[in-house]
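Engineer: Sequence and predicted structure, then a few things I'm wondering about:
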Amino acid sequence: MRLLDYFKNTRSGSAAIAKERLQVLVAHERLDRQHSPPYLINLQRELLEVIRRYVNVDQDAISVTMEQDETRKASGNASISALTVSL
Amino acid sequence: MARIIVVTSGKGGVGKTTTSAAMSMGLALQGHRTAVVDFDIGLRNLDLIIGCERRVVYDFINVIQGESTLNQALIRDKRCENLYVLPASQTRDKDALTSEGVEKVLNELSETFEYIVCDSPAGIERGAHFAMYYADDAIVVTNPEISSVRDSDRMLGILSSKSRRAELGQDPIREYLLLNRYSPQRVKQGEMLSVDDVQEILALPLLGVVPESKSVLTASNSGTPVILDDKSDAGQAYSDVVRRYLGEDIPYRFMDEERKGLLNRIFGS
């Protein structure tokens, strides 16, 4: 086996998969850090509380995202918050 | 005015305490008056790694709560007169750490020490927060493993937004990567993330690569910081790390597989 390994000097193991997964994940998480204003988590929690007074939804059913709209940046209205609730 | 260095990672078990012990001993051996502070309140371990566990009388929390003076709590190392250890409390809760208390202790240490090494607990809660909050430099200890790299990246985000330097709008904390438990052989076989892979993702200056080594366990068994074992690969790697931190330009070692003879390649295990 060692003799075979000597000739088989290619890098095709699981490290490449790990790197790819990390790159995607880290890019995503950095984006979240940069673009989410600090109040977003509280906003999300309070919105959920209000909605729960009327409809029984769970934590995963709601998502709040903040997006930067390049086209509207000129008019000073740059961020859009979107609320999605699946009922 | 001391330089405050935090040794951090987010993830547990990657070698923060081993690194804190080696780094502080290394700085002290280079002639710098150094204090190393254990921020892992309730799970004290730095004393064991440095080998001063039987000399602990007072601790960090005693000092914060005014039950002892700082000088009473500091333990002077028996091997190197420039090194002092401030142990964590083993019995108290991490809530005993207060912002004013930590600041007071660090200010007092700053008056007489050149370097203060803060050994952070794992996680991102109170202990880890205070360990990094006052830092000037951060050594991010990372293993070439997916969850460790992710946690390191998270920690970098925290260093750049939640530290005192960030809050006061000062120059950011200087961040360095220390890649620990590296196995060049497994990297070559494609089983482990390489130094280049990790650097590509974290984009930090590399302070050094410490190879996976039996000598680390041997050192902790006997309460000797591994940097004192100058025959071991890990000990030598940490010596390089310290010298690089102090500004020396030293070629990187332990990143490639040891050369083996042809016979060893064929018949070796």
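Structural biologist: That came through, no problem.
Engineer: For the residue nearest to B:Asn62 when sequence neighbours are not counted, report the pLDDT, please.
Structural biologist: Leaving aside its sequence neighbours, B:Asn62 sits nearest to B:Ser68 (CB to CB, 6 or more residues apart in numbering or on different chains; 4.4 Å). Glycine gets a C-beta too; all of them are placed from N, C-alpha and C. Note on B:Ser68: pLDDT of 97.
Engineer: and what of B:Leu262?
Structural biologist: pLDDT, B:Leu262: 65.
Engineer: Closest approach to chain B from chain A, which residue is it?
Structural biologist: Here chain A gets closest to chain B at one residue, A:Gly13, 2.7 Å apart by CB to the nearest CB.
Engineer: now that residue: how far from B:Leu193?
Structural biologist: Distance of A:Gly13 to B:Leu193, computed by CB to CB, to the nearest Å: 10 Å.
Engineer: Looking at these two, which has the bigger crowd around it?
Structural biologist: Neighbour tally, A:Gly13 and B:Leu193, criterion other CB atoms under 10 Å in any protein chain shown: the higher count belongs to B:Leu193, 28 against 15.
Engineer: was I right about that one contacting A:Ala15?
Structural biologist: Yes: contact criterion CB atoms under 8 Å: B:Leu193 and A:Ala15 qualify, at 5.3 Å.
Engineer: Common neighbours of those two, please.
Structural biologist: Counting by CB atoms under 8 Å, 6 or more residues apart in numbering or on different chains, the contacts common to B:Leu193 and A:Ala15 are B:Val187.
Engineer: Could you tell me which ranges of chain A sit under the pLDDT cut-off?
Structural biologist: Applying pLDDT under 70 to chain A flags residues A:1-12, A:35-38, A:41, A:59-60, A:62-82, A:87.
Engineer: tell me the SS of B:Asn180?
Structural biologist: strand (DSSP: H, G, I helix; E, B strand; the rest coil).
Engineer: Which residues lie in contact with the residue nearest to it when sequence neighbours are not counted in this structure?
Structural biologist: Distances taken as CB to CB, 6+ apart place B:Gly15 nearest to B:Asn180, at 4.2 Å, with adjacent residues excluded. For B:Gly15, the contacting residues are B:9, B:141, B:143, B:180-181, B:210, B:216, by CB under 8 Å, 6+ apart.
Engineer: and with 7 Å instead?
Structural biologist: For B:Gly15, the contact set (CB atoms under 7 Å, 6 or more residues apart in numbering or on different chains) comprises B:141, B:180-181.
Engineer: what do you get for B:Tyr176?
Structural biologist: Counting by CB under 7 Å, 6+ apart, B:Tyr176 touches B:137-140, B:204-205, B:207.
Engineer: That one should be in a strand, yeah?
Structural biologist: Yes: if the criterion is three-state DSSP, then B:Tyr176 is within a strand.
Engineer: B:Thr8 and B:Asp137: what is the separation?
Structural biologist: From B:Thr8 across to B:Asp137, the span is 11 Å (CB to CB).
Engineer: The two: which is more packed in?
Structural biologist: More crowded of B:Thr8 and B:Asp137, by other CB under 10 Å: B:Thr8, with 32 against 17.
Engineer: could you list every residue that touches the closest residue to B:Arg174 other than its chain neighbours?
Structural biologist: Spatial nearest neighbour of B:Arg174, chain neighbours left out: B:Asp137 (4.6 Å); criterion: CB to CB, 6+ apart. Contacts for B:Asp137 (CB under 7 Å, 6+ apart) come out as B:3, B:5, B:173-174, B:176.
Engineer: for chain A, what spans make up the strands?
Structural biologist: Assigned by DSSP state E, the strands in chain A fall at A:62-68, A:79-85.
Engineer: For the chain, which segments are assigned as helices?
Structural biologist: Just so you know, I chose chain A. A:2-7, A:15-35, A:40-54 (DSSP state H).
Engineer: try chain B instead
Structural biologist: Using DSSP H, helices in chain B cover B:16-29, B:46-50, B:60-64, B:70-73, B:99-112, B:126-133, B:146-162, B:164-167, B:184-188, B:195-202, B:214-222, B:233-245, B:262-267.
Engineer: quick one, phi psi at B:Phe113?
Structural biologist: phi -110, psi 150 (degrees, to the nearest 10).
Engineer: Report the contact partners of it.
Structural biologist: B:Phe113 touches B:2, B:33-35, counting by CB under 7 Å, 6+ apart.
Engineer: Pipe those residues into TSV and attach distance to B:Cys80 per row.
Structural biologist: What follows is the contacts of B:Phe113, written out as TSV (distance: CB to CB, whole Å):
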residue	distance to B:Cys80
B:Ala2	17
B:Arg33	10
B:Thr34	9
B:Ala35	12
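Engineer: Selecting buried members of these in ChimeraX, what would you type?
Structural biologist: Filtering the contacts of B:Phe113 down to the buried ones (16 or more other CB atoms under 10 Å in any protein chain shown) takes a single ChimeraX command:
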select /B:2,33,34,35
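Engineer: Filter the contacts of B:Phe113 down to just the ones in strands.
Structural biologist: Checking the contacts of B:Phe113 against DSSP E, those in strands are B:34-35.
Engineer: Name the nearest of the contacts of B:Phe113 relative to chain A.
Structural biologist: Nearest member of these to chain A, counting by CB to the nearest CB, is B:Ala2, at 30.3 Å.
Engineer: And that closest one, how far from B:Gln170?
Structural biologist: Distance check for B:Ala2 against B:Gln170: by CB to CB, it reads 16 Å.
Engineer: Likewise for B:Tyr252?
Structural biologist: Remark: distance between B:Tyr252 and B:Gln170 (CB to CB) = 31 Å.
Engineer: one step back: quick one: which of the contacts of B:Gly15 is most hemmed in?
Structural biologist: Most surrounded of the contacts of B:Gly15: other CB under 10 Å gives B:Val141, at 30 neighbours.
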